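# What shape does this take:
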Amino acid sequence: MTLGEAFLRKENNLNLLRLIAALGVLISHSFPLSTGSGASEPFRESLGMTIGTLSVFVFFFISGMLVTSSAFTRGSIVDFARSRVLRIYPALLVMLSLTVFVLGPLVSEDGAREYFSHQETYRYFAYCATLFKGVVYALPGVFVNNPYAGSVNGSLWTMPWEVRLYAVLGAAFVLSSAAGKYQLRTAKAIVIALAAFSGSVPL
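Presented below is the predicted three-dimensional model:
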């Protein structure tokens, strides 16, 4: 059985791996959130990275395989782009709306009126809703007295990378399409080259 075949099988336990990775992120984040410093994460020294970072790598590996398969199965860059947009933005916009316009004014130390008068409130929403220029982590007066002060949703840091990688994969699909019957071979060469290059790009 090839790796590609394993990923297409329903009994491949990918959901279990995702669940374990999600649990790893929660455990890893609990240390800096409760102590104020990421240095307290116990696996940082033994693994050379946090368990959260390792879990993110697992997520990106699994998603990369599945999304690449989806792109070439669909055979249309328009369908691929539409599916990626629907995968990310509806849930993202609902979450941001609840965070910025419900949670924020309720817990902000500044009070609701001053909170909504801050430019940073709307900058947070605009940046996190588009993801093109990265994300903003702080809302006025929100969680400023926590041990890890001022960070509303640190997990959003992966989202701009996800969108960029979708764009790179879409470009690889378009380029390989020009190769006609050699599309899959060309796509494999592009993906291998990108994978080799990605090792030199810091997250």
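
# which stretches of this structure form helices?
For the chain, the helices defined by DSSP state H cover 3-8, 14-35, 43-47, 51-74, 77-98, 104-107, 112-117, 119-130, 158-177, 183-198.

# V136: which of these is closest?
Among these, helix 119-130 comes nearest to V136, with 4.5 Å by C-beta to C-beta. For every residue, glycine as well, the C-beta is placed using N, CA and C.

# List the contacts of the closest one.
By C-beta atoms under 8 Å, 6 or more residues apart in numbering, the surrounding residues in contact with helix 119-130 are 89, 92-93, 96-97, 100, 104, 115, 133-136, 138-140, 152-153, 156, 159.

# who's in contact with A21?
Counting by C-beta under 8 Å, 6+ apart, A21 touches 55-56, 58-59.

# The residue lying closest to V58 once chain neighbours are set aside and S63, how far apart?
Spatial nearest neighbour of V58, chain neighbours left out: A21 (4.4 Å); criterion: C-beta to C-beta, 6 or more residues apart in numbering. Using C-beta to C-beta, to the nearest Å, we find A21 at a distance of 11 Å from S63.

# okay, and the common contacts of those two?
Common neighbours of A21 and S63, using C-beta under 8 Å, 6+ apart, do not exist here.

# could you point out where this structure is predicted with low confidence?
Scanning the chain for pLDDT under 70 picks out 1-12, 198-203.

# how about 80 then?
Applying pLDDT under 80 to the chain picks out residues 1-13, 38, 40, 45, 70, 72-75, 178-184, 187-188, 191-192, 194-203.

# L175 versus the residue sitting furthest away from the middle of the chain, what's the distance?
When distances are taken from the C-alpha mean of the chain, K181 lies farthest, 33.2 Å away, according to C-alpha atoms, centre = their mean. Counting by C-beta to C-beta, the gap from K181 to L175 is 15 Å.
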